[in-house]
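Engineer: how would this look folded up:
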Amino acid sequence: MFDELETDRLTLIKANGTTVTDIAASVQGRKVFTSRGDLQIEHGDLLIRHRSNGTEEHYRVLDADFSEAFIDIPASYTLEVEKVGAPAPRSRPQSVTYNVSGPNARINHHSVDQSTNVVGDNAVVHDRIADLRRAVEDAGLADSDRQEALDVVNHIESQCGSGTPKRSVVKAMLAGLPAVGDIAKFGVALLDVLS
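Structural biologist: All right, here's what the predicted structure looks like:
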């Protein structure tokens, strides 16, 4: 009976990088309902909603309320979520400052770069994660928001330290960071070195 209401398809990304795909659910604003009682969904996990038009929405779990099975009603979750992602800019910036550092650093402004950038170790990845961490620290976030953002950066670092980081997982985790200060800029820089 409840399966008919779960028309949305989600992907769950745990903080440790574990991914579960094709989760039937019902997304209703800031609430998500799913009868997948076999999952362990926790505060801070990321959900990706795959829409029929090929677009995606990203959500962070704020609260996961688990209900045990009762008679004919299966075990289920009621999730409180918030949509995450970078908001559209309010106005066009009047000036842009580029701060470039590290090995093989360069800027291609209104030009095409056809070169190949090869680095022998993960030093560039570590530098980009350090830049991202500094951007979170300098963003002026509330203590709880800053700690949550630093937790996401720590999970990104552990994913990159695994030797074979999954770009899609890192991208989804970056989408969970607040879009303030230089956080988005350093997130894009990190994705660039992972491609």
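Engineer: for the chain, what spans make up the strands?
Structural biologist: Secondary structure of the chain, counting by DSSP state E: strands at 8-13, 19-28, 31-34, 46-50, 56-67, 76-84.
Engineer: Just put these in JSON lines and tack on mean pLDDT and distance to Arg128.
Structural biologist: No exception for glycine: its C-beta is placed from N, CA and C like everyone else's. Shown next, in JSON lines, are the strands of the chain (pLDDT from 0 to 100; distance: least, CB to CB, whole Å):
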{"stretch": "strand 8-13", "mean pLDDT": "92", "distance to Arg128": "20"}
{"stretch": "strand 19-28", "mean pLDDT": "91", "distance to Arg128": "22"}
{"stretch": "strand 31-34", "mean pLDDT": "92", "distance to Arg128": "32"}
{"stretch": "strand 46-50", "mean pLDDT": "91", "distance to Arg128": "20"}
{"stretch": "strand 56-67", "mean pLDDT": "90", "distance to Arg128": "21"}
{"stretch": "strand 76-84", "mean pLDDT": "90", "distance to Arg128": "20"}
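Engineer: out of the ones you listed, nearest to Cys160?
Structural biologist: Nearest to Cys160 among the strands of the chain is strand 8-13 (15.0 Å), distances taken as CB to CB.
Engineer: So what touches that closest one?
Structural biologist: Residues from elsewhere that reach strand 8-13 (CB atoms under 8 Å, 6 or more residues apart in numbering): 19-27, 32, 34, 39, 41, 45-50, 169, 172-173.
Engineer: mind putting the strands of the chain in JSON lines, mean neighbour count and distance to Leu194 included?
Structural biologist: Output for the strands of the chain, formatted as JSON lines (neighbours: other CB atoms under 10 Å; distance: least, CB to CB, whole Å):
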{"stretch": "strand 8-13", "mean neighbour count": "20", "distance to Leu194": "16"}
{"stretch": "strand 19-28", "mean neighbour count": "16", "distance to Leu194": "16"}
{"stretch": "strand 31-34", "mean neighbour count": "19", "distance to Leu194": "29"}
{"stretch": "strand 46-50", "mean neighbour count": "21", "distance to Leu194": "17"}
{"stretch": "strand 56-67", "mean neighbour count": "16", "distance to Leu194": "18"}
{"stretch": "strand 76-84", "mean neighbour count": "17", "distance to Leu194": "20"}
